[in-house]
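Show me the folded form of this:
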Amino acid sequence: MLVLVINSGSSSLKYQVRDVEAGSVLAEGLVEKIGMGAGGEGNGEIEGPRDHAEALEQVDAEIHTALGNRVLDAVGHRVVHGGERFAEPVLINNEITRAIERLNPLAPLHNPANVLGIRAISKKWPDMPQVAVFDTAFHRTLPEHAWRYAVPAELYANHGIRRYGFHGTSHEYVAHRAAALLDVPLEEFDAVIAHLGNGASVTAIRGGESVDTSMGFTPLEGLVMGTRSGDLDPSILVFLGRAGWSPEDLDAMLNRQSGLKGLAGNNDMRSVVEAAEAGNAKAAMALAVASYRLAKYIGGYHVAVGGAKALVFTAGIGENSHQFRALVAERLGALGVLLDAGLNRRRSREPRVISTSSSAIPVLVVPTDEERAIAEATAAVVSHPASVAP
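So this is what the prediction gives:
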């Protein structure tokens, strides 16, 4: 089955065509500057495609060259927020599209763009099966004591304010790969998985299921990220609001100007590591803050899963920054974590163990592949649509 995987942003469209049976990538790319004018504020000529429908025409032309006479069988969409309704991938129809759109207030930067991608596909290929794969779905197994906030109950009842968790597609994929690498049945797999990229989250896996995760109502909660603050005292926002900061000011500060960028002046981990190694005190402190925060979560989640059988690093930073992995591991001596320096430094696209044989907990690096996971989920839903409840 040939599946087109779509990840729509407000002004971008990332795509990949996968042959699910062969496990191969036939085409991939990124269309940017959708609807963006050169002059800003609506002035000037549009630099990129005028809308997502026009962007899709560009994608169609590019994949046609790669596919030749072969045709697409389905389209799989990464949808960031599935709320409480969607616990599994689902075949998209008009009602499902509207349901995703009703979740826009919970993910205003993501779900509206996801809907634009869905509608662009529907317009161009009205008979093409489409499947929504939700970032939040894997975390629907969180027990209530993990997803509840200690705020008045009506905030949950009336506004859906609770912890949802994100990066679920990645965490689920990596859990399966790590369990297989360790030859542990998934239903017996207890682990802590750290998905570390510009956005970062850590998840407690017990019996192959998510029982806690660091991101919450939005992807802002939890770890120190590239430009996001992660956890902080909410009274800071009250204090700044009384000092004249608007909600828009606070949102921009927390999501775009904080994290590594706020501490070190740069949100690229490679640059921060290089600066720290060159003696930059701000960069060194940024790494100390980020590694300490992650180590605290790992320790807590070790308890949450009843004793982790593995610690797994994944995503861009987790897979590629041996320096940051080492900084985190140094803080986990109480758990008996010991990295093999040589294995930790070795670069590979294959899943691997990087801890010593005497480490109390095996430490793994497992490359994530969210596009593959979305393509496989899409193929399963299209092949057996009745098995997945909307």
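
what about the helices in the stretch 201-350 of the chain?
Taking DSSP state H, counting those that start in this stretch as the criterion, the stretch 201-350 of the chain carries its helices at 235-242, 247-256, 259-264, 269-277, 281-304, 315-320, 322-330, 341-345.

Using CSV, lay out those together with mean neighbour count, distance to Asp212 and mean pLDDT.
For the C-beta atoms, the positions are set from N, CA and C on the backbone; glycine is no exception. Below are these laid out as CSV (neighbours: other CB atoms under 10 Å; distance: least, CB to CB, whole Å; pLDDT from 0 to 100):
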stretch, mean neighbour count, distance to Asp212, mean pLDDT
helix 235-242, 11, 24, 97
helix 247-256, 14, 22, 93
helix 259-264, 22, 21, 96
helix 269-277, 19, 25, 96
helix 281-304, 19, 5, 98
helix 315-320, 22, 18, 94
helix 322-330, 20, 18, 98
helix 341-345, 14, 26, 96
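
ok, for Arg140, nearest residue in space, not its chain neighbours?
Spatial nearest neighbour of Arg140, excluding adjacent residues (CB to CB, 6 or more residues apart in numbering): Ala87 at 4.2 Å.

what packs against the worst-scoring helix or strand of the chain on mean pLDDT?
Here the helix or strand of the chain ranked lowest by mean pLDDT, DSSP states H and E is helix 52-67, holding a mean of 83. Applying 3 or more CB pairs under 8 Å, 6 or more residues apart in numbering; DSSP states H and E, one finds that helix 52-67 contacts strand 2-8, strand 13-19, strand 24-31, helix 111-124.

Export the ones you listed as a markdown table, with columns for distance to Asn255, mean neighbour count and mean pLDDT.
Shown next, in a markdown table, are those (distance: least, CB to CB, whole Å; neighbours: other CB atoms under 10 Å; pLDDT from 0 to 100):
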| stretch | distance to Asn255 | mean neighbour count | mean pLDDT |
| --- | --- | --- | --- |
| strand 2-8 | 19 | 25 | 90 |
| strand 13-19 | 20 | 22 | 90 |
| strand 24-31 | 22 | 15 | 88 |
| helix 111-124 | 16 | 20 | 87 |
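
Quick one: closest of the ones you listed to His171.
Relative to His171, the nearest member of the helices and strands packed on helix 52-67 by CB to CB is strand 2-8, separated by 16.8 Å.

The closest residue to Val366 other than its chain neighbours: neighbouring residues, count only.
Using CB to CB, 6+ apart and skipping residues adjacent in sequence, the residue nearest Val366 is Pro351, 4.4 Å away. Using other CB atoms under 10 Å, Pro351 has 17 neighbouring residues.

Mind pulling the model confidence for Pro351?
Per-residue confidence (pLDDT) for Pro351: 96.

With Gly222 as the reference, measure out to it.
24 Å (CB to CB, to the nearest Å).

Next: Arg140.
Arg140 is 18 Å from Gly222, by CB to CB.

which of the two has more neighbours?
Shown here are Arg140 and Gly222; by other CB under 10 Å, Gly222 has more neighbours (24 against 20).

The more buried one: what's it in contact with?
Taking CB atoms under 8 Å, 6 or more residues apart in numbering, we find Gly222 in contact with Ala200, Ser201, Val202, Thr213, Ser214, Met215, Gly216, Gly230, Asp231, Tyr297.

residue boundaries of the helices in the stretch 51-200 of the chain?
With DSSP H, counting those that start in this stretch, the ranges of helices along the stretch 51-200 of the chain come out as 52-67, 94-102, 111-124, 144-147, 153-159, 168-181.

any idea what sits nearest Leu294, other than its immediate chain neighbours?
Val328 (5.3 Å).

Pick out the residue closest to the middle of the chain.
Closest to where the C-alpha atoms of the chain average out (CA atoms, centre = their mean) is His167, at 3.1 Å.

Was I right to think it contacts Ser210?
No: judged on CB atoms under 8 Å, His167 makes no contact with Ser210 at a distance of 10.2 Å.
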